[in-house]
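Peer 1: sequence unknown, structure follows:
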């Protein structure tokens, strides 16, 4: 049964808020602290730490596309999301309880694979609840709560690691996983339209849904190709910037470098909270292209500014621009993919394929940027990354069409996005 996309219940929308907040803790609560735990608590060598950190990353890249395809076919998204959250919690407990390389690497592989499930499942479930008309503002709200959860997770895990045994970070995240699994079931199953959740309907409220479009026809879409290349260049340029700043700070200010890095991470996430909300609203009013272009352009500006001054306060301040680019990307990229795949039934699969491509771009970024630093210095590396980002921005500006085809009824969109009433 297809529901009116403008009238999801307040309970379901509030539950979406809670799940997005908690899932941010589930996905990011462990990652930044794993290397610290393995080095300081278990006294692992850098080689072993590199294996553990890389294992999850490579597993995630391989899993992105098939996971997106699986989400498109999945009808019981709530139950699957709860099971995935509990599996992440179990992996955290295994990481804390076992000290063997095999056990921890296996847990990281599981975390990497399961982590690829949450973004397409959340986006698909949201589309199934609010429909195309409410998606722009609702995705903005999802990302707002997600980034707020990231800030909470970083602060809470940092405090736990500072005031108690670092192993308790993993147990804390496991408890959050249980809470997230419970919160999912406050989303009413009858309000999630299966066909709409995979982009299987040509318009919100349409009762008859066709079979999924042939995959080659979806991938042959010229706008999707342009979008894909643009975002790969964006992630290639973006992935290495924060690590390079960390290295530069560590060389010039070794004692305070950890504090500066923490401020960089938490500060950028804090900026993302309001930007994500406004990005959804602006995408509804202005269209997708101009808003996404703002996010793309923030990256080359950031890269150039890094070369102006090596004062740590200046560098940390410039890093806050990452909050603008990342927040806009997180919101508007989902909207563009939803626009381009509407009526195809391939929404989540396409998300997975784009995520795979961007993951590969990001994986190559650090190695090549490190090579440039070695032979030409930090400033030239930042300028190189800025040039790559500018190329992606120019490609998007010149070749990408506006994908928001229909005027959105603002009142309906707001009603679908906010749990009032």
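Peer 2: Done, it's in. Because the structure is predicted, anything quoted here is derived from the model rather than measured.
Peer 1: quick one: low-confidence ranges for the stretch 301-421 of the chain?
Peer 2: Applying pLDDT under 70 to the stretch 301-421 of the chain flags the ranges 405-421.
Peer 1: Kindly apply the preceding question to the chain instead.
Peer 2: Checking the chain against pLDDT under 70 turns up 1-6, 25-33, 35-36, 46-47, 50, 200-215, 255-259, 261, 405-421.
Peer 1: top helix in it by residue count?
Peer 2: With secondary structure taken from DSSP state H, the chain has its longest helix at helix 118-163.
Peer 1: what's next to the helix or strand just after that one, contact-wise?
Peer 2: Heading C-terminal from helix 118-163, the first helix or strand you meet, by DSSP states H and E, is helix 168-184. Residues from elsewhere that reach helix 168-184, judged by Cβ atoms under 8 Å, 6 or more residues apart in numbering: 15, 18-19, 22-23, 25-26, 29-30, 33, 37, 78, 81-83, 85-86, 88-90, 92-93, 95-96, 153, 156-157, 160-161. Glycine gets a C-beta too; all of them are placed from N, C-alpha and C.
Peer 1: Cross those against helices and list the overlap.
Peer 2: 15, 18-19, 22-23, 25-26, 33, 78, 81-83, 85-86, 88-90, 92-93, 95-96, 153, 156-157, 160-161.
Peer 1: per-domain residue ranges of this structure.
Peer 2: Domain segmentation of the chain under automatic domain parsing yields 1-198, 214-399.
Peer 1: if we can go back for a sec, show me which of the ones in helices among the contacts of helix 168-184 are buried.
Peer 2: Buried by 16 or more other Cβ atoms under 10 Å: 15, 18-19, 22-23, 25-26, 33, 78, 81-82, 85-86, 88-89, 92-93, 95-96, 153, 156-157, 160-161, out of the ones in helices among the contacts of helix 168-184.
Peer 1: now the angle between helix 118-163 and the helix or strand containing residue 266, please.
Peer 2: Using DSSP H and E, residue 266 sits in helix 257-286. In terms of direction (axes from the mean of the first three to the mean of the last three Cα atoms, to 10 degrees), helix 257-286 departs from helix 118-163 by 150 degrees.
Peer 1: Who are the packing partners of helix 257-286?
Peer 2: Helix 257-286 is packed against helix 118-163, helix 241-252, helix 288-305, helix 312-319, helix 321-341, helix 410-417, with contacts defined by 3 or more Cβ pairs under 8 Å, 6 or more residues apart in numbering; DSSP states H and E.
Peer 1: Save those as CSV, and put in distance to residue 377 too.
Peer 2: Converted to CSV, the helices and strands packed on helix 257-286 look like this (distance: least, Cβ to Cβ, whole Å):
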stretch, distance to residue 377
helix 118-163, 31
helix 241-252, 10
helix 288-305, 14
helix 312-319, 15
helix 321-341, 22
helix 410-417, 47
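Peer 1: Residue 285: how many residues sit nearby?
Peer 2: Residues near residue 285, counting by other Cβ atoms under 10 Å, number 12.
Peer 1: any idea how far it lies from residue 393?
Peer 2: As judged by Cβ to Cβ, to the nearest Å, residue 285 and residue 393 stand 22 Å apart.
Peer 1: cool, and residue 242?
Peer 2: From residue 242 to residue 393 the distance is 19 Å (Cβ to Cβ).
Peer 1: what does residue 181 give?
Peer 2: Per Cβ to Cβ, residue 181 is found 40 Å from residue 393.
Peer 1: same deal with residue 362?
Peer 2: Distance from residue 362 to residue 393, by Cβ to Cβ: 17 Å.
Peer 1: now residue 322, nearest residue through space, not along the chain?
Peer 2: Using Cβ to Cβ, 6 or more residues apart in numbering and skipping the chain neighbours, the partner closest in space to residue 322 is residue 268 (4.4 Å).
Peer 1: Check residue 143 too.
Peer 2: Here the residue nearest residue 143, using Cβ to Cβ, 6+ apart, is residue 276, at 3.6 Å.
Peer 1: cool, residue 233 as well?
Peer 2: Using Cβ to Cβ, 6+ apart and skipping the chain neighbours, the partner closest in space to residue 233 is residue 392 (3.1 Å).
Peer 1: Which helix or strand contains the one you found?
Peer 2: Using DSSP H and E, residue 392 sits within helix 378-399.
Peer 1: so what does that helix touch, helix or strand wise?
Peer 2: So helix 378-399, by 3+ Cβ pairs under 8 Å, 6+ apart, packs with helix 222-239, helix 241-252, helix 288-305, helix 347-376.
Peer 1: chain center to that helix, what's the gap?
Peer 2: 21 Å (Cα atoms, centre = their mean, to the nearest Å).
Peer 1: do stretch 123-132 as well
Peer 2: Put simply, stretch 123-132 sits 17 Å off its chain's centre (Cα atoms, centre = their mean).
Peer 1: Same check on stretch 270-284?
Peer 2: Stretch 270-284 sits 14 Å away from the centroid of its parent chain (Cα atoms, centre = their mean).
Peer 1: can you check stretch 132-149 too?
Peer 2: The chain centre lies 12 Å from the centre of stretch 132-149; the measure is Cα atoms, centre = their mean.
Peer 1: So which bits of it are buried?
Peer 2: For stretch 132-149, using 16+ other Cβ under 10 Å, the buried residues are 132-149.
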